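# Here's a sequence, model it:
(3 chains)
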Amino acid sequence: MNFNGQHLIFGTVQFFIIVILAPFFAGFIHKLKQRARGQKGINIFQFYLNFNKLLKKEIVLSKDASFVSNIAPYIVFADYLVILLMMPAFYRYSLLGVSSDVILIAYSLALATFFMTLYAMDQGSAFGGLGASREWFLTVLSEPSLIFVFISLAIYTKHGRITDIFYFVQKGAANAFLSGIHSGAVSIAIPFLLFISLFIVSISENARIPIDNPETHLELTMFHEANILETSGKHLGIYEYGSYLKLTVFLTVMSLILFPYMAVNIYQIPLALIIYVLKMLILCILIAGVEIVNPKMRVFRVPNVLSVSFILSLIAMILSIRGF
Amino acid sequence: MDNLKHKGIFRYFFNCLTILSAGFFTVLSIYCFKSEFIIQSSFIHFSFRFNTLSLFFVIFISSISIFISIFSIKYGEKYDKKPSLFIYSFLFIMSMIILVISNDMLTFLIFWELMSVFSFLLVIYEGSEESRKAGFLYFLMTHIGTILITAAFIMLYLKTSSFSFDYYKGAAGIMVLAAAITGFSIKAGIMPFHTWLPYAHPVAPANISAIMSGVMVNMAIYGILKFLFVFSSGSNSFLGIILLIIGALSALLGIMYAMAQKDIKKLLAFSTIENMGIIFMGTGISYWAKAEDFKSIEYLAMLAVLLHIVNHGLSKSSLFMGSGLIDKYTHTRNMEKLGGLSKKMGQLSVLFLIGIMSISAMPPLNGFLSEWYLYISLIGSVFTGNLYMVYFSIIAVALLSLSGAAAGAAFTKLFGITFLGKPRTANAENAVESHIIERIGIAIPVLLCIYIGVYPYQIISSLDAVIFYLTGGTVSANPFSAVHVISARPFSLYAPALIAIAFATVLLIALLYLKAFSSDKKRIFETWACGLDEKNSKAQYSGSGFSSSIMKVFSSFYSSVSEINFEKDVKKYFRSKSVYTEEVNDIFEKYIYIPAGKIYLKISEIFDKAANSANINISLGYLFLSLIICFIIYIFIIR
Amino acid sequence: MLMGKIAELFIILILVSVVLNVSSPFIKFAIKLYSFQSLMLAFYILMGAVHFNSINLYGSFIITIIFKVILIPYFLFKTLKKVKMDKEIDMFIGIPEAVVFAGSLTLLSNLIAQKIIKTGITFGSFVFTISLATFLIGAMLMITRKTLFSQIIGFLTIDNAIFLAANSITHGMPLLVELGVLFDLFVSILILSILILNLRRNIAV
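Numbers count the residues shown, from 1 in each chain, chains lettered A, B, ... in the order given. Okay, here's the model as predicted:
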């Protein structure tokens, strides 16, 4: 894999496009939910305006806060940006693609959770501990599924880096369609199971109904929101942008499992970009649909759902090792 | 003499002596590499050899001892009244260093026993009831382990008729290995032999706990590596699978129990059990790959094991030293009584935070590196297609990922409840910052953690030599492209320096953007407490509350008893107080050890009555019965 | 080969539905899952029928749809309404533990299938794995749930699994045998539902 100047330029372009599009997808989901409820709904680009507004406000720090409150927001934000640097959304080479091991991605997500929950506990309020405890509850239950999904992909395609994995799946699918499906390398069942499993994990990690309500104002019902209850100003803006970036990470991986089409040279980039945006919008509609139809679940029923996602990824892993 | 004692003469002298001797042995090992020493007199015969594995362990033990000695130059002030601590710790460290360079069965056993005895004396040093009980349990279990190790060595002697390790190469069969591994796992604290560890490590003084957790449990790993890779005849692959599963179960159970603890040092002790489980997993994979002749997995898993030994030693010793400082300046080990220490002990909290990030395997620090290598070895062993290993690897991956996430949760609880928030009692409010020397003692291993995490190329190339000694091959020239087992294609790559640089760059750009487009105003105000009294520090989360939801999901591991007591005849809005009690029991202790202890006591009672009864007929009868049993054994069993 | 992949998908959906059965505490959902499972089985039989063009399999497809997808769930729903039970099932072990146990049963069935392949017998090992896993998980449902409905659903799942295994090894059973099996099943369901109407909940027969 020769990493030359062209890859550098278009990798950077890809990175900036994904980062800039992140609030748009979150806003799209929000607008769909509000429309389904019969409200007129916010502007799709409202989250950009919110970010701008928050940056101009002042930060209010708690009397009990320490150095953690000053560094945690930036570390979380930078962490999500680094993960997005590794993600190949519509171009085969990403900037950090050479070192984009899937396990690194899973543990980097845990790093962001680590600092966010430390920030929450730093505030010295009951809600901080509540948010931190619940956030780790969800992480402990969904991390085995996430790692199983990634390792199933790695075993199925015999590659460990996320750019290589999806390029291999794309090549295999293209070969199968063009030259008649006779190779056993393509399977429909494995991506199907991985998609469902990853979908459930995405709902859990991105604080969506039916596991967590992202729009709630009642502190006792918050999982994720309770961590950032005390933030204000640019810290809050960064945290919210970070949650949009996290949503983009999960949606991008799901879109690549659904239909991997990555541009290999510059002529395919516009088409790949359009297909990428379409896939993401379809996934946004899917998530909004799940959010609209379901009520929020009781807390101790959440392990039931997450264990389903675990066993689906386990079945996918069993299927992917059958080749050996 | 008393005056000098109080000025700390013993403390300074023995700590400096430790530093100098550790340095001396390091230099000696490097200088005398690959040579052999024999000290012989009329009936004493000690032989030592400096080979690569010993060199690695000598450097490891010496460096950590040096850091801890620097730390205890100032920390040991409160132990000046009973300066035997410093003498015993010096002898303890020396016995460990000489243990790893011994080349002879008797030398090994003598220094192993010395190490156990000195650590026992150190565990009971504080003299309280708790430490006496912990010391007794520790003494008992470590000697059961020593008996098994001695049995293994005796079997080797019977086979090769020699005491020296040089003749043991390839001589160990399955019985020897089983006895040795069981004996060493008692010392390493692997489930189900871990019961002594959460009692012994918290009651020892903090610098001793740091040595015990960071270094002494690794002596058991040294023994296992020597038995499995140098002495074994190399064809029992299922032994590797057993080690893998036992390690994975220890990792999960260790961290599950860690989550339930409110004593800081007990939480760290259970985390030691978890990390020892991870090391056992790597050893199991490596041994299995050696038996089944999959070379690249063997080398990679061995790299994971050695790197994890180093990483765990550095981070766990710094965390124990930090907990010692917390204990010293707040006079409590109970995290439910602390809080808000990050404002009173600011620099210590920064160092502690980095230590915690390292031990919960957060990228880009060193803990993640060794855990990543373990994951890659597990995936590699799935690729081999061996019928049983594939399934056990999948189970191991599930347990490892669950324990990784739970480790993050447990250490967030530790740091969050102890250091962040408001102080919960006067202990925490009156804390003061620690002395600069103590902080330097912690800062050095923490800085090494960061260095190994971000630029590990140096240490991996040094570990290559050890891997070559143990397995006969090295990790390929670029160890980060974990090589696919079947073909030579690179499977994956992790470039820590690149990730760290990217992180820093992105952070810089983000900060610049924010500086340009956001306002800089800042205001300090009180935390929102729903309008209630914000000075109530009890309104914060407690440690048991933090872990309660996770403990409820995994309630089958904890046989816990909790109850709430309140005045029953008063309506619930008018009660003045209620008492909540929660007791978490270790299921191994409750269902295996305590019943076994009771049965043993009952049997001993029978023998006691028999041997010391007032009735002379019964005593004589038992005496002659034992004589007849010996005759029967001689006739029928010994040929 | 595309048909083969789609058939694979249907079979996987059978296993998915049985796993969802394990993870859900609601009786109505379990009956709906059984109906879905039988539908997937019917589609698998249909693909076999189209591929081999055998009238037996077409008949089998129609019989499965009528009985297993429509009639038996309808009876179970009627019985459920008459008995007016609580919506939730009592169980001996909790749901996450049950799901982990189901996962280990799947691993076990895969191990057994791989061992059989090693001895050289060639057969549809994928379908065998899934049907064995469904069988074992259905048996687990029967053992670890307290309500009679769960035991009926477990029994029906086992029957589906055996049917699937039989269909994969042979090219469909003779129609008469199938009709006999199905009538037996139907009658046992009728008897069980009558028994349920006369019993309180949680009493095992």
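# Every contact and neighbour count from this point should use C-alpha atoms.
Will do.
# Tell me the residues of chain A that contact chain C?
For chain A, the residues in contact with chain C (C-alpha under 8 Å from any C-alpha of the partner chain) are A:181-182, A:187-189, A:303-305, A:307-308, A:311-312, A:314-315, A:318.
# And stretch B:150-164, how far out from the chain middle?
On the basis of C-alpha atoms, centre = their mean, to the nearest Å, stretch B:150-164 sits 29 Å off its chain's mean C-alpha point.
# Please point out which parts of it sit buried.
Neighbour-count burial for stretch B:150-164 flags B:150, B:151, B:152, B:153, B:154, B:155, B:156, B:157, B:163, B:164 (criterion: 16 or more other C-alpha atoms under 10 Å in any protein chain shown).
# Identify, from the residues you listed, the entry nearest to chain A.
Nearest to chain A among those, counting by C-alpha to the nearest C-alpha, is residue B:152 at 38.5 Å.
# how much space between the closest one and residue B:637?
Using C-alpha to C-alpha, to the nearest Å, residue B:152 is found at 20 Å from residue B:637.
# got the contact list for the residue of chain A found nearest chain C?
Distances between chain A and chain C by C-alpha to the nearest C-alpha are smallest at residue A:189, namely 5.1 Å. Going by C-alpha atoms under 8 Å, 6 or more residues apart in numbering or on different chains, residue A:189 touches A:316, C:5, C:8, C:9, C:12.
# Identify the residue with the minimum pLDDT among those.
Lowest pLDDT of the contacts of residue A:189: residue C:5, 80.
# That one: which element?
According to DSSP states H and E, residue C:5 maps onto helix C:2-23.
# what does that helix contact?
A:181, A:187-189, A:304-305, A:307-308, A:311-312, C:29-30, C:33-34, C:36-38, C:40-41, C:43-44, C:47, C:95-96, C:98-99, C:102, C:127, C:130-131, C:133-134, C:137-138, C:141, C:157.
# Tell me how many other residues crowd residue B:248.
Using other C-alpha atoms under 10 Å in any protein chain shown, the number of residues around residue B:248 comes to 31.
# what separates the host helix or strand of it from the chain centre, distance-wise?
Using DSSP H and E, residue B:248 maps to helix B:237-259. Centroid displacement of helix B:237-259 relative to its chain, using C-alpha atoms, centre = their mean, is 14 Å.
# Counting by contacts, list what it packs against.
The contact analysis (3 or more C-alpha pairs under 8 Å, 6 or more residues apart in numbering or on different chains; DSSP states H and E) places helix B:237-259 against helix B:264-292, helix B:387-419.
# what does the next helix or strand after the last one rub up against?
To tie it back to what came earlier, the one meant is helix B:387-419. The helix or strand immediately downstream of helix B:387-419 is helix B:426-429, counting by DSSP H and E. With contact meaning C-alpha under 8 Å, 6+ apart, helix B:426-429 is reached by B:330, B:331, B:332, B:337, B:338, B:339, B:340, B:341, B:423.
# mind putting these in a markdown table, neighbour count, distance to chain C and pLDDT included?
Output for the contacts of helix B:426-429, formatted as a markdown table (neighbours: other C-alpha atoms under 10 Å in any protein chain shown; distance: C-alpha to the nearest C-alpha, whole Å; pLDDT from 0 to 100):
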| residue | neighbour count | distance to chain C | pLDDT |
| --- | --- | --- | --- |
| B:330 | 20 | 41 | 88 |
| B:331 | 14 | 42 | 88 |
| B:332 | 18 | 38 | 88 |
| B:337 | 20 | 34 | 88 |
| B:338 | 26 | 35 | 88 |
| B:339 | 28 | 35 | 84 |
| B:340 | 26 | 37 | 84 |
| B:341 | 28 | 38 | 88 |
| B:423 | 28 | 38 | 86 |
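# Quick check: the farthest pair among these?
B:331 and B:340 (15.0 Å; C-alpha to C-alpha).
# Surely residue B:413 touches residue B:541?
No - the criterion here is C-alpha atoms under 8 Å, and residue B:413 misses it with residue B:541 at 10.0 Å.
# re earlier: of all the helices and strands packed on helix B:237-259, which one is nearest chain A?
Distance to chain A, taken as C-alpha to the nearest C-alpha, is lowest for helix B:387-419 among the helices and strands packed on helix B:237-259, at 5.1 Å.
# Next, residue B:433: phi, psi?
As for residue B:433, its main-chain torsions (degrees, to the nearest 10) stand at phi -70, psi 150.
# and what of residue B:232?
With angles defined as degrees, to the nearest 10, residue B:232 sits at phi -80, psi 160.
# Could you do residue B:365 as well?
Torsion angles at residue B:365 (phi, psi; degrees, to the nearest 10) stand at phi -80, psi -180.
# Residue 165: what's it in contact with?
As the question left the chain open, I've gone with chain A. By C-alpha under 8 Å, 6+ apart, residue A:165 lies in contact with A:153, A:154, A:157, A:158, A:159.
# look at chain C instead
Counting by C-alpha under 8 Å, 6+ apart, residue C:165 has contacts C:127, C:128, C:131, C:132.
# Residue B:408: which of these is nearest?
residue C:132 (37.9 Å).
# Is that closest one within a helix or a strand, and which one?
helix C:125-144.
# buried ones in the helix or strand following that helix?
Downstream of helix C:125-144, the next assigned helix or strand under DSSP H and E is helix C:148-169. By 16+ other C-alpha under 10 Å, the buried positions in helix C:148-169 come out as C:148-168.
# Helix, strand, or coil at residue A:223?
Put simply, residue A:223 is coil when judged by DSSP: H, G, I helix; E, B strand; the rest coil.
# make that residue B:431, sorry
Relying on three-state DSSP, one would call residue B:431 coil.
# what number of residues lie near it?
Around residue B:431 there are 21 residues (other C-alpha under 10 Å).
# which ones are touching it?
Contacts of residue B:431 by C-alpha under 8 Å, 6+ apart are B:329, B:330, B:341, B:344, B:345.
# now do 6 Å
If you count contacts by C-alpha atoms under 6 Å, 6 or more residues apart in numbering or on different chains, residue B:431 has them with B:329, B:330.
# And it, how close does it get to residue A:271?
From residue B:431 to residue A:271 the distance is 63 Å (C-alpha to C-alpha).
# Same check on residue B:294?
45 Å.
# So which of those two has more stuff around it?
residue B:294 (18 against 13).
# which phi and psi does the more buried one have?
Taking degrees, to the nearest 10, you get phi -110, psi 100 for the backbone angles of residue B:294.
# now swap in residue B:311 and tell me
phi -60, psi -50.
# what residues are up against the residue positioned nearest the centre of chain C?
Centroid-nearest residue in chain C, with C-alpha atoms, centre = their mean: residue C:157, separated by 2.5 Å. Applying C-alpha under 6 Å, 6+ apart, we find residue C:157 in contact with residue C:138.
# Against which helices or strands is the lengthiest helix in chain C packed?
Ordering each helix of chain C by length in residues (DSSP state H) puts helix C:27-52 first. Applying 3 or more C-alpha pairs under 6 Å, 6 or more residues apart in numbering or on different chains; DSSP states H and E, one finds that helix C:27-52 makes contact with helix C:2-23, helix C:55-64.
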